[in-house]
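>>> Provided below for reference: sequence and predicted model.
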Amino acid sequence: MGMNDLFDDARKLLEESADPLFFYHDDPDGLCAYLILKRYFKKGHGHMVKASPYLSADFLPRVEEHKSDLIVVLDIAHIEEDFIQQAKLPIIWIDHHDPNPKKGTIYINPKNYDQKDNKPASWLCHLLTNSDFWLGAVGSVSDWEIPEGIEKLEIATPPYTPSHLLFETQLGTLVKVLSFNLKGSHSDVKKSIASLEKINSPEEILSHSTKEGELLWKKYNKVNREYDAQLRLADSQRSSDPFIVYTYSEYHTSLTKDLANEMYARHPDRIILLGREKSGKVMFSLRGNKNLPDALAKALAGLDGKGGGHEHACGGWINAEDFPEMRKRLKENLS
């Protein structure tokens, strides 16, 4: 079945659903994918999947809580069989990690047809709805992919490379605004997402010309001050070692993915490993211009942790006691 046929099937299910439940990854790509579908179909509830891209039976209470009739999974790399079997509902799964289709889902992943096709979930949702081009573009660039037609956005200026767009343009500022508004308490995040559902253009945020835009910008400024301080600390870890490793404590805001992306843009010839310690675990992000998933799988073998991702960007968690061993194995496999 081709992608257009899958889009048709997914669109039909969403149109007929009374109350879909959206599970989405806790990054700008996952968030933008959710926002595009929620704004277009104007129904349903969203639930962010934090820390690790695995949808397990632990999330079934959310399905029961909302009495949903359809599940939509966005930018999540793995769905466990127990979740599919026990949910007993139709599932639309839109993703762009290495193909991992499961029976009982409408699985939309461009890599099923071309391993080099890395269209992010947000762009796939834009194509499915033909709406919110700017959200599709913001989500795509956040995942280092340049979508077709990027030159139509005034907030994106040439050269149209991921590092330039992310760290030297207003589009990149929007990526940070969305990411930073996913930080903090559950109630604060809910307010931010509710505001994003009402935003009609990026200018509302960048010029904070509406109450929703002002709320989002205020949160961005607050988190950005801490981000800049952590970025300086991470950057200070540079040495002759091809690895840059930096960890920080749970008493700071979780900014690991954002920091890792900017550190990689600054030092594309290095391997970046950043982590945040919390409750005896290290939540980590790994960046580098090498095949990271294979090296990470070898580094995690036999240790208490999980991880995965894309060719040059991975993440996961590991028991804090095992972090030094994982780091050692990564250096052996990637140096």
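Perfect, thanks for sending it.

>>> what about Val194, helix or strand, and which?
Quick fix: residue 194 reads Ala, not Val. helix 186-196 (DSSP states H and E).

>>> Any buried residues in that helix, and which?
Judged by neighbour count (16 or more other CB atoms under 10 Å), helix 186-196 contains these buried residues: Val189, Lys191, Ser192, Ile193, Ser195, Leu196. Bear in mind the C-beta positions are built from the backbone N, C-alpha and C, glycine included.

>>> what's that helix packed up against?
helix 28-41, helix 211-235 (3 or more CB pairs under 8 Å, 6 or more residues apart in numbering; DSSP states H and E).

>>> quick one, which of these is packed in tightest?
Of all the helices and strands packed on helix 186-196, helix 28-41 has the most neighbours on average by mean count of other CB atoms under 10 Å, namely a mean of 26.

>>> I'd like to know which elements that one is packed against.
On a contact count with 3+ CB pairs under 8 Å, 6+ apart, helix 28-41 meets helix 3-16, strand 20-25, strand 45-49, strand 70-74, helix 121-129, helix 133-142, helix 170-180, helix 186-196.

>>> Out of the ones you listed, which is closest to Asn112?
Checking the helices and strands packed on helix 28-41 against Asn112 by CB to CB gives helix 3-16 as the closest, at 8.5 Å.

>>> mind listing what Ser207 touches?
Gly213 (CB atoms under 8 Å, 6 or more residues apart in numbering).

>>> confidence score at it?
We have a pLDDT of 96 for Ser207.

>>> Check Tyr54 too.
Tyr54 is assigned a predicted lDDT (pLDDT) of 84.

>>> related to what we said a few turns ago, select, out of the helices and strands packed on helix 28-41, the one closest to Glu148.
Glu148 lies closest to helix 121-129 among the helices and strands packed on helix 28-41, at 8.7 Å (CB to CB).

>>> And for the residue nearest to Val282 when sequence neighbours are not counted, the neighbour number?
Leaving aside its chain neighbours, Val282 sits nearest to Gly275 (4.1 Å; criterion: CB to CB, 6 or more residues apart in numbering). Per other CB atoms under 10 Å, the neighbour tally for Gly275 reads 25.

>>> before we move on, which element is Gly275 in?
For Gly275, the element it lies in under DSSP H and E is strand 271-278.

>>> So which residues make contact with that strand?
Applying CB under 8 Å, 6+ apart, the contact partners of strand 271-278 are 234, 242-250, 252, 254-256, 259-260, 263-264, 282-288, 290, 320, 323, 327, 330-331, 334-335.

>>> One more: stretch 178-190?
Outside stretch 178-190, the residues that touch it by CB under 8 Å, 6+ apart are 26-28, 31-32, 48, 138, 142, 192-193, 196, 216, 219-220, 223-224, 227, 253-255, 257-258.

>>> tell me the mean pLDDT over that stretch?
pLDDT averaged over stretch 178-190 gives 95.

>>> what about that stretch, distance to the chain center?
When distances are taken as CA atoms, centre = their mean, to the nearest Å, stretch 178-190 is centred 14 Å away from the chain's centroid.

>>> Distance across stretch 146-161, terminal residue to terminal residue?
Counting by CA to CA, to the nearest Å, you get 7 Å between the two ends of stretch 146-161.

>>> Measure how far it is from the centre of its chain, please.
Distance, stretch centre to chain centre, for stretch 146-161: 20 Å (CA atoms, centre = their mean).

>>> re the thing from before, and the residue nearest to Val282, bridged to which residues?
Beta bridges link Gly275 to Thr247, Phe284, judged by DSSP bridges.

>>> gap between it and Tyr246?
Applying CB to CB, to the nearest Å, the value for Gly275 to Tyr246 is 8 Å.

>>> for Leu182, same thing?
21 Å.

>>> Leu300 now?
20 Å.

>>> ditto for Asn4
Distance of Asn4 to Tyr246, given as CB to CB: 44 Å.

>>> For these two, work out which one has more neighbours and name it.
The neighbour count for Asn4 versus Tyr246, taken as other CB under 10 Å, is higher for Tyr246 (21 against 10).

>>> surely the more buried one meets Arg232?
No. Between Tyr246 and Arg232 there is no contact under CB atoms under 8 Å: 10.8 Å.

>>> Spell out which residues are contacts of both of the two.
By CB under 8 Å, 6+ apart, no residue touches both Tyr246 and Arg232.

>>> what secondary structure does Asn200 sit in?
Look at Asn200: counting by DSSP: H, G, I helix; E, B strand; the rest coil, its state is coil.

>>> What is the neighbour count of it?
Using other CB under 10 Å, Asn200 has 12 neighbouring residues.

>>> before we move on, the earlier item: now the angle from the helix holding Ala194 to strand 45-49?
130 degrees (axes from the mean of the first three to the mean of the last three CA atoms, to 10 degrees).

>>> so Gly44 sits right up against Lys38, yeah?
Yes. Counting by CB under 8 Å, Gly44 touches Lys38, with 6.1 Å between them.

>>> Quick check: neighbours shared by those two?
The overlap between the contact sets of Gly44 and Lys38 (CB under 8 Å, 6+ apart) consists of Phe22.

>>> Run the chain-centre distance for stretch 102-122.
Its chain's average C-alpha position is 16 Å from that of stretch 102-122, according to CA atoms, centre = their mean.
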